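Enquirer: Fold the following and give me the result.
(one chain, ligands or ions: 1)
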Amino acid sequence: SGVVVGLRFGDRFRVRRTHLPRAHVLPPEPGHAVFPASAEPRLSLCAFPASWLRTRNPLRYTDPSALMPLSTMKRVLLKLSGEVLMGDQQFGIDSAFVAELANEVKAAKETGLEICLVIGGGNIFRGMAGAAQGMDRAQADYMGMLATVMNALAMQNALEQLGVPTRVQSAIEMDKVCEPVIRRRAERHLEKGRIVIFAAGVGAPYFTTDSGAALRAAEMKCDALLKGTSVDGVYDTDPKKNSDAVRFDTVSYGKVLADNLKVMDASAVALCRDNQIPIVVFSIRDKGNLARVLSGAGTQTIVQDQ
Ligand code: UDP
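Expert: Numbers count the residues shown, from 1 in each chain. The predicted structure is shown next:
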(Lines give C-alpha, C1' and ligand atoms only; values in the text may rest on other atoms or scores of the structure.)
Protein backbone atom coordinates (compact mmCIF):
# COMPACT_ATOMS: atom_id res chain seq x y z
CA SER A 1 0.00 0.00 0.00
CA GLY A 2 0.98 3.65 -0.27
CA VAL A 3 2.27 5.64 -3.18
CA VAL A 4 5.64 6.94 -4.15
CA VAL A 5 5.81 10.48 -5.43
CA GLY A 6 8.56 11.71 -7.68
CA LEU A 7 9.53 14.53 -9.97
CA ARG A 8 10.25 13.80 -13.61
CA PHE A 9 12.87 15.99 -15.30
CA GLY A 10 12.70 15.33 -19.03
CA ASP A 11 13.74 11.74 -19.42
CA ARG A 12 15.06 11.33 -15.89
CA PHE A 13 13.09 10.41 -12.88
CA ARG A 14 13.98 11.21 -9.32
CA VAL A 15 12.06 9.75 -6.44
CA ARG A 16 11.80 12.35 -3.76
CA ARG A 17 9.60 10.93 -1.06
CA THR A 18 7.72 7.81 -0.25
CA HIS A 19 4.79 7.29 2.04
CA LEU A 20 6.06 3.89 2.95
CA PRO A 21 7.51 3.42 6.40
CA ARG A 22 10.70 2.13 4.84
CA ALA A 23 11.65 5.17 2.84
CA HIS A 24 14.37 4.69 0.27
CA VAL A 25 15.60 7.63 -1.72
CA LEU A 26 17.09 6.80 -5.06
CA PRO A 27 20.32 8.60 -5.89
CA PRO A 28 19.58 11.02 -8.72
CA GLU A 29 22.05 9.76 -11.28
CA PRO A 30 20.99 8.60 -14.75
CA GLY A 31 20.57 4.91 -15.27
CA HIS A 32 17.39 4.46 -13.26
CA ALA A 33 15.63 3.38 -16.40
CA VAL A 34 12.74 2.05 -14.39
CA PHE A 35 10.38 4.74 -15.58
CA PRO A 36 9.28 5.36 -19.15
CA ALA A 37 10.86 8.43 -20.67
CA SER A 38 8.51 11.08 -21.99
CA ALA A 39 9.37 14.29 -23.77
CA GLU A 40 6.41 16.32 -22.42
CA PRO A 41 5.79 17.66 -19.95
CA ARG A 42 9.38 18.45 -18.98
CA LEU A 43 8.48 18.55 -15.33
CA SER A 44 5.69 16.56 -13.83
CA LEU A 45 4.54 15.12 -10.56
CA CYS A 46 3.82 11.42 -10.75
CA ALA A 47 2.40 8.86 -8.40
CA PHE A 48 2.36 5.12 -8.71
CA PRO A 49 1.68 2.23 -6.35
CA ALA A 50 4.48 1.58 -3.95
CA SER A 51 3.89 -2.16 -4.27
CA TRP A 52 4.93 -1.93 -7.93
CA LEU A 53 8.09 -0.09 -7.03
CA ARG A 54 8.83 -2.56 -4.28
CA THR A 55 8.53 -5.52 -6.63
CA ARG A 56 11.07 -3.85 -8.91
CA ASN A 57 13.26 -3.31 -5.83
CA PRO A 58 14.65 0.12 -6.67
CA LEU A 59 17.67 -0.45 -4.48
CA ARG A 60 19.00 -2.94 -7.01
CA TYR A 61 18.97 -0.27 -9.71
CA THR A 62 21.73 1.68 -8.06
CA ASP A 63 25.17 0.90 -9.35
CA PRO A 64 27.37 1.28 -6.24
CA SER A 65 30.54 1.36 -8.28
CA ALA A 66 29.27 4.56 -9.88
CA LEU A 67 29.28 6.14 -6.44
CA MET A 68 32.47 4.72 -5.01
CA PRO A 69 34.81 2.89 -7.35
CA LEU A 70 35.93 0.09 -5.05
CA SER A 71 38.40 -1.11 -7.63
CA THR A 72 40.41 2.14 -7.48
CA MET A 73 41.10 1.98 -3.75
CA LYS A 74 44.72 1.85 -2.65
CA ARG A 75 44.42 1.31 1.08
CA VAL A 76 41.56 -0.14 3.06
CA LEU A 77 40.79 -0.98 6.61
CA LEU A 78 39.12 -4.36 6.94
CA LYS A 79 37.14 -4.84 10.12
CA LEU A 80 36.11 -8.39 10.96
CA SER A 81 33.72 -9.03 13.81
CA GLY A 82 34.96 -11.52 16.34
CA GLU A 83 31.94 -13.73 15.70
CA VAL A 84 33.12 -14.60 12.19
CA LEU A 85 36.21 -16.24 13.70
CA MET A 86 33.93 -18.75 15.45
CA GLY A 87 33.03 -20.44 12.17
CA ASP A 88 30.19 -22.77 13.07
CA GLN A 89 31.15 -22.93 16.73
CA GLN A 90 29.26 -21.16 19.50
CA PHE A 91 32.34 -19.60 21.05
CA GLY A 92 36.05 -18.99 20.56
CA ILE A 93 38.27 -19.44 17.54
CA ASP A 94 37.80 -21.99 14.77
CA SER A 95 41.33 -22.31 13.37
CA ALA A 96 40.15 -23.80 10.09
CA PHE A 97 37.78 -20.90 9.53
CA VAL A 98 40.45 -18.35 10.49
CA ALA A 99 42.70 -19.99 7.87
CA GLU A 100 39.95 -19.50 5.27
CA LEU A 101 39.57 -15.87 6.24
CA ALA A 102 43.33 -15.43 6.02
CA ASN A 103 43.19 -16.81 2.49
CA GLU A 104 40.61 -14.20 1.53
CA VAL A 105 42.72 -11.44 3.04
CA LYS A 106 45.78 -12.74 1.24
CA ALA A 107 43.93 -12.74 -2.09
CA ALA A 108 42.83 -9.14 -1.48
CA LYS A 109 46.39 -8.12 -0.69
CA GLU A 110 47.65 -9.76 -3.85
CA THR A 111 45.54 -7.33 -5.88
CA GLY A 112 47.99 -4.65 -4.69
CA LEU A 113 45.88 -3.23 -1.87
CA GLU A 114 47.43 -2.03 1.37
CA ILE A 115 45.45 -3.62 4.17
CA CYS A 116 44.92 -2.62 7.77
CA LEU A 117 42.98 -5.16 9.81
CA VAL A 118 40.89 -4.71 12.93
CA ILE A 119 39.31 -7.73 14.55
CA GLY A 120 36.61 -7.65 17.20
CA GLY A 121 36.44 -9.80 20.30
CA GLY A 122 32.78 -10.76 20.50
CA ASN A 123 33.56 -14.45 19.95
CA ILE A 124 35.34 -14.47 23.31
CA PHE A 125 34.11 -11.66 25.53
CA ARG A 126 32.00 -8.52 25.31
CA GLY A 127 32.10 -5.88 28.02
CA MET A 128 28.34 -5.40 27.90
CA ALA A 129 27.79 -9.10 28.60
CA GLY A 130 30.08 -8.92 31.63
CA ALA A 131 28.32 -5.77 32.85
CA ALA A 132 24.95 -7.52 32.45
CA GLN A 133 26.21 -10.17 34.85
CA GLY A 134 27.11 -7.54 37.43
CA MET A 135 30.73 -6.83 36.54
CA ASP A 136 32.12 -3.35 36.54
CA ARG A 137 31.67 -2.15 32.94
CA ALA A 138 35.17 -0.71 32.51
CA GLN A 139 36.76 -3.86 33.92
CA ALA A 140 34.67 -6.01 31.58
CA ASP A 141 35.58 -3.80 28.63
CA TYR A 142 39.28 -4.26 29.32
CA MET A 143 38.67 -8.02 29.21
CA GLY A 144 36.92 -7.50 25.85
CA MET A 145 39.94 -5.59 24.56
CA LEU A 146 42.23 -8.43 25.61
CA ALA A 147 39.97 -10.77 23.63
CA THR A 148 40.63 -8.70 20.50
CA VAL A 149 44.37 -9.14 21.05
CA MET A 150 43.92 -12.93 21.15
CA ASN A 151 42.00 -12.78 17.87
CA ALA A 152 44.63 -10.54 16.32
CA LEU A 153 47.35 -13.05 17.24
CA ALA A 154 45.26 -15.90 15.79
CA MET A 155 44.85 -14.02 12.52
CA GLN A 156 48.54 -13.08 12.46
CA ASN A 157 49.40 -16.75 12.85
CA ALA A 158 47.04 -17.76 10.03
CA LEU A 159 48.35 -15.08 7.67
CA GLU A 160 51.97 -15.89 8.37
CA GLN A 161 51.32 -19.57 7.73
CA LEU A 162 50.29 -18.44 4.25
CA GLY A 163 53.50 -16.45 3.90
CA VAL A 164 51.87 -13.03 4.37
CA PRO A 165 54.04 -10.74 6.52
CA THR A 166 52.07 -9.02 9.28
CA ARG A 167 52.55 -6.91 12.37
CA VAL A 168 50.15 -6.62 15.29
CA GLN A 169 49.90 -3.22 16.98
CA SER A 170 47.89 -3.06 20.18
CA ALA A 171 46.31 0.01 21.76
CA ILE A 172 47.08 -1.61 25.12
CA GLU A 173 50.83 -2.00 25.26
CA MET A 174 52.08 -5.55 25.74
CA ASP A 175 55.58 -5.59 24.34
CA LYS A 176 56.15 -9.30 24.76
CA VAL A 177 53.56 -10.17 22.15
CA CYS A 178 53.13 -7.20 19.82
CA GLU A 179 54.01 -3.61 19.04
CA PRO A 180 52.23 -0.60 20.48
CA VAL A 181 50.16 1.47 18.05
CA ILE A 182 52.59 3.88 16.36
CA ARG A 183 51.11 5.45 13.24
CA ARG A 184 54.39 6.18 11.45
CA ARG A 185 55.59 2.68 12.11
CA ALA A 186 52.34 1.28 10.78
CA GLU A 187 52.84 3.38 7.62
CA ARG A 188 56.28 1.86 7.16
CA HIS A 189 54.89 -1.65 7.58
CA LEU A 190 52.31 -1.00 4.89
CA GLU A 191 54.97 0.44 2.56
CA LYS A 192 56.95 -2.75 3.05
CA GLY A 193 53.94 -4.83 2.04
CA ARG A 194 52.97 -6.00 5.51
CA ILE A 195 49.44 -6.22 6.80
CA VAL A 196 49.01 -4.28 10.03
CA ILE A 197 46.54 -5.77 12.50
CA PHE A 198 45.34 -3.21 15.02
CA ALA A 199 44.25 -4.79 18.29
CA ALA A 200 42.51 -3.59 21.48
CA GLY A 201 40.20 -1.13 19.71
CA VAL A 202 40.79 2.45 20.78
CA GLY A 203 42.36 1.22 24.03
CA ALA A 204 39.61 2.65 26.23
CA PRO A 205 36.48 1.18 27.80
CA TYR A 206 32.97 2.19 26.69
CA PHE A 207 34.03 1.84 23.06
CA THR A 208 33.88 -1.01 20.58
CA THR A 209 36.22 -2.28 17.92
CA ASP A 210 33.99 -0.55 15.34
CA SER A 211 35.14 2.76 16.82
CA GLY A 212 38.68 1.42 16.83
CA ALA A 213 38.29 0.55 13.15
CA ALA A 214 36.95 4.02 12.28
CA LEU A 215 39.76 5.67 14.22
CA ARG A 216 42.49 3.62 12.55
CA ALA A 217 40.88 4.08 9.13
CA ALA A 218 41.00 7.85 9.67
CA GLU A 219 44.54 8.05 10.98
CA MET A 220 45.90 5.64 8.36
CA LYS A 221 44.03 7.60 5.66
CA CYS A 222 42.25 4.54 4.32
CA ASP A 223 40.05 4.92 1.25
CA ALA A 224 37.29 2.85 2.85
CA LEU A 225 36.35 0.90 5.92
CA LEU A 226 35.22 -2.58 4.88
CA LYS A 227 33.12 -4.23 7.52
CA GLY A 228 33.07 -7.98 7.02
CA THR A 229 30.31 -9.48 9.09
CA SER A 230 27.72 -12.25 8.98
CA VAL A 231 25.07 -10.29 7.04
CA ASP A 232 25.44 -9.05 3.48
CA GLY A 233 24.72 -5.40 4.11
CA VAL A 234 22.51 -2.90 5.88
CA TYR A 235 18.78 -3.60 6.02
CA ASP A 236 15.86 -1.38 6.92
CA THR A 237 14.88 -3.86 9.65
CA ASP A 238 16.64 -6.86 11.16
CA PRO A 239 16.75 -9.49 8.36
CA LYS A 240 17.08 -12.29 10.91
CA LYS A 241 13.72 -11.32 12.44
CA ASN A 242 11.89 -9.95 9.41
CA SER A 243 11.85 -11.83 6.10
CA ASP A 244 10.51 -8.66 4.41
CA ALA A 245 13.60 -6.66 5.30
CA VAL A 246 15.11 -4.78 2.36
CA ARG A 247 18.83 -4.33 1.88
CA PHE A 248 20.18 -0.95 0.85
CA ASP A 249 22.79 -0.79 -1.89
CA THR A 250 23.80 2.63 -0.64
CA VAL A 251 22.63 4.63 2.35
CA SER A 252 23.77 7.93 3.83
CA TYR A 253 25.55 8.32 7.16
CA GLY A 254 22.69 10.60 8.22
CA LYS A 255 20.03 7.94 7.60
CA VAL A 256 22.05 5.30 9.40
CA LEU A 257 22.32 7.57 12.43
CA ALA A 258 18.77 8.97 12.31
CA ASP A 259 17.11 5.55 11.86
CA ASN A 260 19.55 3.79 14.16
CA LEU A 261 20.28 1.22 11.47
CA LYS A 262 22.45 -1.61 12.70
CA VAL A 263 25.73 -1.00 10.92
CA MET A 264 28.24 0.09 13.52
CA ASP A 265 27.90 2.04 16.72
CA ALA A 266 27.05 5.71 16.30
CA SER A 267 30.48 7.02 17.29
CA ALA A 268 32.11 4.90 14.57
CA VAL A 269 29.62 6.05 11.91
CA ALA A 270 30.04 9.70 12.95
CA LEU A 271 33.83 9.46 12.77
CA CYS A 272 33.59 7.99 9.26
CA ARG A 273 31.10 10.68 8.23
CA ASP A 274 33.30 13.50 9.55
CA ASN A 275 36.29 12.12 7.68
CA GLN A 276 34.37 11.08 4.56
CA ILE A 277 35.36 7.44 4.84
CA PRO A 278 32.85 5.19 3.04
CA ILE A 279 31.78 2.14 5.05
CA VAL A 280 31.28 -1.01 2.99
CA VAL A 281 29.23 -3.64 4.82
CA PHE A 282 29.36 -7.15 3.37
CA SER A 283 29.24 -10.80 4.38
CA ILE A 284 32.66 -12.28 4.99
CA ARG A 285 31.03 -15.69 5.45
CA ASP A 286 30.40 -16.06 1.71
CA LYS A 287 33.52 -17.58 0.27
CA GLY A 288 35.28 -15.25 -2.18
CA ASN A 289 33.00 -12.34 -1.30
CA LEU A 290 35.79 -10.01 -0.20
CA ALA A 291 37.38 -10.27 -3.66
CA ARG A 292 33.99 -9.78 -5.32
CA VAL A 293 33.24 -6.72 -3.21
CA LEU A 294 36.64 -5.23 -4.01
CA SER A 295 36.13 -5.80 -7.72
CA GLY A 296 32.75 -4.06 -7.52
CA ALA A 297 30.85 -7.28 -8.28
CA GLY A 298 29.84 -8.30 -4.78
CA THR A 299 26.77 -7.80 -2.63
CA GLN A 300 27.23 -5.07 -0.10
CA THR A 301 25.86 -1.83 1.29
CA ILE A 302 27.94 1.31 1.00
CA VAL A 303 27.39 3.96 3.64
CA GLN A 304 28.47 7.37 2.37
CA ASP A 305 27.15 10.85 1.63
CA GLN A 306 24.76 10.71 -1.29
N1 UDP B 1 36.29 -2.88 23.71
C2 UDP B 1 36.46 -1.70 24.41
N3 UDP B 1 37.05 -0.64 23.79
C4 UDP B 1 37.45 -0.68 22.50
C5 UDP B 1 37.27 -1.89 21.77
C6 UDP B 1 36.67 -2.97 22.40
O7 UDP B 1 36.09 -1.60 25.56
O8 UDP B 1 37.99 0.31 22.00
C9 UDP B 1 35.73 -4.06 24.39
C10 UDP B 1 34.22 -4.01 24.55
O11 UDP B 1 33.91 -4.59 25.79
C12 UDP B 1 33.74 -4.91 23.43
C13 UDP B 1 34.81 -5.97 23.38
O14 UDP B 1 36.02 -5.23 23.62
O15 UDP B 1 32.49 -5.50 23.72
C16 UDP B 1 34.92 -6.72 22.09
O17 UDP B 1 34.82 -5.84 21.00
P18 UDP B 1 33.53 -5.78 20.04
O19 UDP B 1 32.29 -6.01 20.84
O20 UDP B 1 33.63 -4.52 19.28
O21 UDP B 1 33.80 -7.02 19.09
P22 UDP B 1 32.97 -7.50 17.83
O23 UDP B 1 31.53 -7.26 18.08
O24 UDP B 1 33.46 -6.74 16.66
O25 UDP B 1 33.33 -8.96 17.72
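
Enquirer: Can you name the residues that contact the residue in the stretch 51-200 of the chain positioned nearest to the ligand?
Expert: The ligand sits closest to Gly120 of the stretch 51-200 of the chain, with a gap of 1.9 Å, by Cβ to the nearest ligand atom. In this view, the C-beta of every residue, glycine as well, is placed from N, C-alpha and C. Gly120 sits next to 79-83, 148, 151, 208-210 when contact means Cβ atoms under 8 Å, 6 or more residues apart in numbering.

Enquirer: Before we move on, what's the pLDDT of it?
Expert: Looking at Gly120, its pLDDT is 96.

Enquirer: Please report the distance of it from Cys272.
Expert: Distance, Gly120 to Cys272, by Cβ to Cβ, to the nearest Å: 17 Å.

Enquirer: and what of Lys106?
Expert: Taken as Cβ to Cβ, the span from Lys106 to Cys272 is 26 Å.

Enquirer: cool, Asp141 as well?
Expert: 22 Å.

Enquirer: Kindly report the same for Asp88.
Expert: 31 Å.

Enquirer: How about the residues of the stretch 1-150 of the chain by the ligand?
Expert: Within the stretch 1-150 of the chain, the positions adjacent to the ligand are 81-83, 120-122, 126-128, 141, 144-145, 147-148 by Cβ under 6 Å from any ligand atom.

Enquirer: Among those, which one sits closest to Gly296?
Expert: Ser81 (23.2 Å; Cβ to Cβ).

Enquirer: element containing the closest residue to the ligand within the stretch 151-300 of the chain, please.
Expert: In the stretch 151-300 of the chain, no residue comes nearer to the ligand than Gly201, which is 2.2 Å away by Cβ to the nearest ligand atom. When secondary structure is defined by DSSP states H and E, Gly201 falls outside every helix and strand.

Enquirer: my read: it touches Ser170, true?
Expert: No: using Cβ atoms under 8 Å, Gly201 makes no contact with Ser170, being 9.6 Å away.

Enquirer: who's more crowded, these two?
Expert: Higher neighbour count among Gly201 and Ser170: Gly201, with 27 against 24, using other Cβ atoms under 10 Å.

Enquirer: What about the residue nearest to that one when sequence neighbours are not counted, how many residues nearby?
Expert: Nearest residue to Gly201 in three dimensions, chain neighbours excluded: Gly212, at 3.3 Å (Cβ to Cβ, 6 or more residues apart in numbering). A total of 27 residues lie near Gly212 under the criterion other Cβ under 10 Å.

Enquirer: which ones are touching Gly212?
Expert: Applying Cβ under 8 Å, 6+ apart, we find Gly212 in contact with 118, 148, 171, 198, 200-203.

Enquirer: For it, give its distance to Thr148.
Expert: In terms of Cβ to Cβ, Gly212 sits 8 Å off from Thr148.

Enquirer: Now the common contact residues for those two.
Expert: With Cβ under 8 Å, 6+ apart, Gly212 and Thr148 have common neighbours 200-201.

Enquirer: Fine by me, we can end here.
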